[in-house]
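1. show me the folded form of this:
(one chain, ligands or ions: 1)
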Amino acid sequence: MNNDLKIHNFLPSSYANGPGRRAVVWVQGCSLKCPGCYNPDTHNPEGGFTISVSELYNKIVSLKDSIEGITISGGEPLEQPEALAELVQKIRETTNFSIIVFTGYEWNELENILNYSEEKTNPKPTLTPNMLRKVINSIDILIAGRFDFKQKIGRHLLGSANKTIRFFTNRYNLKDFDNVPESEIVITADGKVVISGINPPRLKV
Ligand code: SF4
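-> Below you'll find the predicted structure:
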């Protein structure tokens, strides 16, 4: 299995996307259209660039001495579930990295999918219960829910208060989020400026 993943960006070092120093993958493509979304450039599934899961995995693993984990954000990671499941499963099986995934789906929407049998009609046919289970079984934390600008908070990795945090392992707890900055501006080795975090400044140019 070597799926392709459509991604928007990859950052090898970030402190604003989870506890400790982390690599971040922003996937490309999101159909959820939350008003006030901070990452509208990630919505178009035709944008971004394609990378194979094995190439992305190798990039991540090459950082093994410098990061404690990987955060996968978007865009909407669960709209590319096969590639996402392959990536997180491979990282979980072969490394000690912690894994955080952000999704715009609500936890109860995901629970509904988990409760469908594979044979029943699934309202989101691309996201099967099996794939979702594979993702959940391979990650430490899922931060779920649409961004609601009326409930914006920007702390504890929550962009808005309606979002929920699921801990699937005991590697972290809420206290570990206390020192995660709400935003950061990173200048990459090739001179690009990347602004990220749960409450990034909106710069006017
Ligand atoms: S789910 Fe995330 S990327 Fe998609 S529209 Fe909502 S905030 Fe934006």
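2. now the one residue in the chain that gets nearest to the ligand. Its backbone dihedrals?
-> Relative to the ligand, the nearest point of the chain is residue 104 (2.3 Å; CB to the nearest ligand atom). The C-beta positions use only the backbone N, C-alpha and C, and glycine is treated the same way. Backbone geometry at residue 104, expressed as degrees, to the nearest 10, gives phi -90, psi -10.
3. pull up the residues of the chain that are close to the ligand.
-> 30, 32-34, 37, 39, 42, 74-76, 104, 146-147 (CB under 6 Å from any ligand atom).
4. farthest pair within those?
-> Farthest apart among the residues of the chain next to the ligand by CB to CB are 42 and 146. That separation is 14.6 Å.
5. the more surrounded of these two?
-> residue 42 (23 against 19; other CB atoms under 10 Å).
6. strands paired with the longest strand along the chain, and their directions?
-> Ranked by residue count under DSSP state E, the longest strand found in the chain is strand 4-14. According to DSSP bridges, strand 4-14 forms sheet pairs with strand 22-27 (antiparallel), strand 49-52 (antiparallel).
7. how is residue 70 assigned, secondary-structure-wise?
-> Following DSSP: H, G, I helix; E, B strand; the rest coil, residue 70 is assigned to strand.
8. now it: closest residue in space, sequence neighbours ignored.
-> residue 23 (4.9 Å; CB to CB, 6 or more residues apart in numbering).
9. list the contacts for that neighbour?
-> Counting by CB atoms under 8 Å, 6 or more residues apart in numbering, residue 23 makes contact with 10, 11, 12, 13, 14, 59, 60, 63, 67, 69, 70, 71.
10. just among those residues, which is most surrounded?
-> residue 70 (27 neighbours).
11. what bridges to that residue?
-> With DSSP bridges as the rule, residue 70 is bridged to residue 23, residue 99.
12. make sure residue 85 is indeed in a strand.
-> No: Residue 85 is assigned helix when assessed by three-state DSSP, not a strand.
13. I figured it hits residue 139, correct?
-> No: Residue 85 is beyond contact range of residue 139, at 10.1 Å (criterion: CB atoms under 8 Å).
14. counting neighbours, what do you get for residue 33?
-> Going by other CB under 10 Å, the residues that sit close to residue 33 add up to 10.
15. sorry, that was for residue 107
-> 16.
16. so where's the protein uncertain?
-> Applying pLDDT under 70 to the chain flags the ranges 117-125, 202-205.
17. mind running it again at 50?
-> For the chain, the stretches with pLDDT under 50 are 205.
18. how about the helices in it?
-> 53-61, 81-94, 107-115, 129-138 (DSSP state H).
19. contacting residues around stretch 189-196?
-> Under CB under 8 Å, 6+ apart, the answer for stretch 189-196 is 9, 11, 14, 16-17, 24, 183-188, 201, 203.
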